[in-house]
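Enquirer: This is the structure alone, sequence omitted:
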């Protein structure tokens, strides 16, 4: 008689500002559930009550840990930095400075506080050592970005930072995901609307009379015409939409099927990485 596996478990941690990253986290969550996984979906905010959530936060209890953040000014959102960074959003810097300053006293450390969350039930024998005896869940990192500049290259630094946060907490990262979100900055115009031009006194800077060239038109297979995009990604105003949702769901399906749905119930070794960057 065939053995029926117990449900796998996933923890999805994310921060969001304009709900772009939250949409991706929700699509991940729903896809895991379709495969019978048990999930905890947790938004990290500046006022998160870690003590209330602590029983759900231990990475040791999960098969897969997902960590996501939008990109603000080229960086991970501050609540993620304060929650996952060893420096706690500046605490480590203050600690190092105190040790370098021979005249510093204990009052200099008054502002140094832990992030309030424990991510592992077990710890290595000493700081900086790998903990080989503890469970090592797999992990994925994800981000959303505006898409008004250079495309996926905008996501690389943030994904690398998120990956490092998981690696330092003994998580083996097997996947990265990024997609464009609704642009709130310069690329937040519907397709065909001229963006703001350089601010020149006496000249219009946005709208139909802006001092920017008209977009060329492209003839589709059905004969309709569509205007070209002024920015790297096409139609930043409608993202993340159905196309991004399909990519997010397919990404999680690949993770689940390729790494966890094996003939003997053992997860496949961490020898490759599934990547969806768009």
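Expert: Sure thing, it's come through. These numbers were taken from a predicted model, which means no experiment stands behind them.
Enquirer: what sits against the most centrally placed residue in the chain?
Expert: When CA atoms, centre = their mean is applied to the chain, the residue found nearest the centroid is residue 68 (2.4 Å). Neighbouring residues of residue 68 by CB atoms under 8 Å, 6 or more residues apart in numbering: 12-15, 21, 24-25, 141-144, 162. For the C-beta atoms, the positions are set from N, CA and C on the backbone; glycine is no exception.
Enquirer: Report the mean confidence score over stretch 55-64.
Expert: The average pLDDT within stretch 55-64 is 96.
Enquirer: I would like the residues contacting that stretch, please.
Expert: Contacts of stretch 55-64 (CB under 8 Å, 6+ apart): 8-11, 40, 42, 50, 65, 117-122, 134-135, 137-140, 169-171, 255, 260, 267.
Enquirer: Now with 7 Å, please.
Expert: Stretch 55-64 is contacted from outside by 8-11, 40, 42, 65, 117-122, 134-135, 137-140, 169, 171, 260, using CB atoms under 7 Å, 6 or more residues apart in numbering.
Enquirer: Pull out the buried members of those.
Expert: By neighbour count, with 16 or more other CB atoms under 10 Å, the contacts of stretch 55-64 hold 8-11, 40, 65, 117, 119-120, 135, 137-140, 169, 171, 260 as buried.
Enquirer: Can you tell me which of the residues you listed end up in strands?
Expert: The strands, defined by DSSP state E, take in 9-11, 40, 65, 138-140 from the buried ones among the contacts of stretch 55-64.
Enquirer: For residue 150, state which of those is nearest.
Expert: residue 140 (23.5 Å; CB to CB).
Enquirer: measure the closest one to residue 59 for me?
Expert: In this structure, residue 140 and residue 59 are 13 Å apart, going by CB to CB, to the nearest Å.
Enquirer: do the same with residue 195
Expert: Residue 195 is 43 Å from residue 59, where distance means CB to CB.
Enquirer: ok, now residue 67?
Expert: Taking CB to CB, one finds residue 67 at 10 Å from residue 59.
Enquirer: Those two: who's more crowded?
Expert: Ranked by neighbour count (other CB atoms under 10 Å), residue 67 and residue 59 place residue 67 first, with 29 against 22.
Enquirer: quick one: the helices in the stretch 1-150 of the chain?
Expert: Here the stretch 1-150 of the chain has its helices, by DSSP state H, counting those that start in this stretch, at 20-34, 50-53, 78-84, 91-100.
Enquirer: if we look at the first one, which residues are touching it?
Expert: By CB under 7 Å, 6+ apart, the residues outside helix 20-34 that reach it are 10, 12, 14-16, 39, 41, 43, 66, 68-70, 142-144, 179, 181-182, 240, 245, 248-249, 252-253.
Enquirer: Noted, bye for now.
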